[in-house]
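**Student:** Any chance you can model this:
(one chain, ligands or ions: 1)
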Amino acid sequence: MELNLNVRKLYNGMIPFIIGLIFVMIITGCGNTSNGGMKKDKVNVVTTFYPIYVFAQAIGGEDAHVVNLIPTGVEPHDWTPRSQEIMSTSKAQLFMYNGAGLEGWVPNFLVALNKDSKVKAVEVSAGVKLIESTEDDGDDHGEVDSAESVKQHHIDPHTWVSPKSALVMAENIKKSFIEVDPTNQSKYEQRFQELNDKLVELDHKFQSELAEMSKTEIVVSHQAFGYLTRDYGLTQHAIMGLSPDAEPRAQDIIKLADFVKKEGIQYIFFEELVSDRLAKTLAAEANIETMVLNPVEGLTEEQEKNKENYFTLMEKNLQNLIIALK
Ligand SMILES: [Zn+2]
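**Tutor:** Numbering: from 1, shown residues only. All right, here's what the predicted structure looks like:
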């Protein structure tokens, strides 16, 4: 009887150990077969979402192996990492995220990384003059439950949508490569210069073309164009908040429909990764058209297949803005 009890105690005591052992076996098993997707002899970079991924690839070139966390066709505001992403990021040299409140999961993610991980975390938007949102907290985010998240939602995270801010982001990415791999500094500088030239050209194009428009007000579905409109002298009126799944209040839609009629606005902008239901509703209400304005938060599978990229999408954005603001 007593022996049985002791055996049971011993057995119960072993359960956490056995679970721990299985967990270790899973981790090392993954490590042996794929090394978490990391490559030797390259700077391994993990990025959170599309714009940072393409800028890191452009600057890192053949010296970098860049892995993007948020997959094609997925909208980044609601995405959160799983344990496999924590494991692979632990093995990388660089972890690049946007910051400015886009990836609310980053602080916990960094704490969860392997204790002996050497990964350097880079907040790519650092140095961009951030925009405080005027959006009120009332009913827009059901998940807001701490002072921290309230603060995050008040900062507009959409820095990359303005070529001017994208220039700052590219500079940060270049610096972080040089910091972890100084021997290849000149190669990073050279590739950065090519990307920088393209962004400067895009910036000049936005600047000169938009300066000639007769209108400056745009109506968009998701409030993602704060930096773009600030940097090029426009004003955005958003149906939804900073996060595209936030539902607007009926009185806000009515107010916006009145505004659209009063200002003689001809188009309502929507985006591909999020439902266009509200934009269509408002457009029908005001008897006007809808058109795409892309916040370049990610590619759809269709866009990926058609070899669209940050520059082609921004170029289309400019052309559509010109049509709407004439
Ligand atoms: Zn967004």
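**Student:** Which residue lies nearest the spatial centre of the protein?
**Tutor:** Nearest residue to the geometric centre of the chain (CA atoms, centre = their mean): Phe49, 4.7 Å.
**Student:** show me what contacts that one?
**Tutor:** By CB atoms under 8 Å, 6 or more residues apart in numbering, the residues touching Phe49 are Asn68, Leu69, Ile70, Pro76, Trp79, Asn98, Leu102, Glu103, Glu297, Gly298. To be clear about C-beta, it is placed using only N, CA and C from the backbone, and glycine gets the same treatment.
**Student:** Just send the residues you listed back as CSV, with pLDDT, neighbour count and secondary structure too.
**Tutor:** Formatted as CSV, the contacts of Phe49 follow (pLDDT from 0 to 100; neighbours: other CB atoms under 10 Å; DSSP: H, G, I helix; E, B strand; the rest coil):
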residue, pLDDT, neighbour count, secondary structure
Asn68, 96, 19, strand
Leu69, 96, 23, coil
Ile70, 92, 20, coil
Pro76, 88, 21, helix
Trp79, 91, 15, coil
Asn98, 97, 25, coil
Leu102, 93, 25, coil
Glu103, 95, 23, coil
Glu297, 92, 26, coil
Gly298, 91, 23, coil
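**Student:** quick one, strands of this structure?
**Tutor:** Taking DSSP state E as the criterion, the chain contains strands spanning 43-47, 64-68, 94-97, 120-123, 131-132, 155-156, 217-220, 235-238, 267-270, 289-292.
**Student:** could you give the angle of the first one to strand 64-68?
**Tutor:** Which is strand 43-47. Calculated by axes from the mean of the first three to the mean of the last three CA atoms, to 10 degrees, strand 43-47 forms an angle of 20 degrees with strand 64-68.
**Student:** who does strand 43-47 touch, helix- and strand-wise?
**Tutor:** Contact here means 3 or more CB pairs under 8 Å, 6 or more residues apart in numbering; DSSP states H and E; on that basis strand 43-47 packs against helix 50-60, strand 64-68, helix 83-90, strand 94-97.
**Student:** and the closest residue to Lys205 other than its chain neighbours, how far is that from Glu209?
**Tutor:** Nearest residue to Lys205, sequence neighbours excluded (CB to CB, 6 or more residues apart in numbering): Leu318, at 6.4 Å. Separation of Leu318 from Glu209 (CB to CB, to the nearest Å): 6 Å.
**Student:** What of Ala126?
**Tutor:** Distance of Ala126 to Glu209, computed by CB to CB: 29 Å.
**Student:** Neighbours of Glu263, how many?
**Tutor:** The number of residues packed near Glu263 is 13, by other CB atoms under 10 Å.
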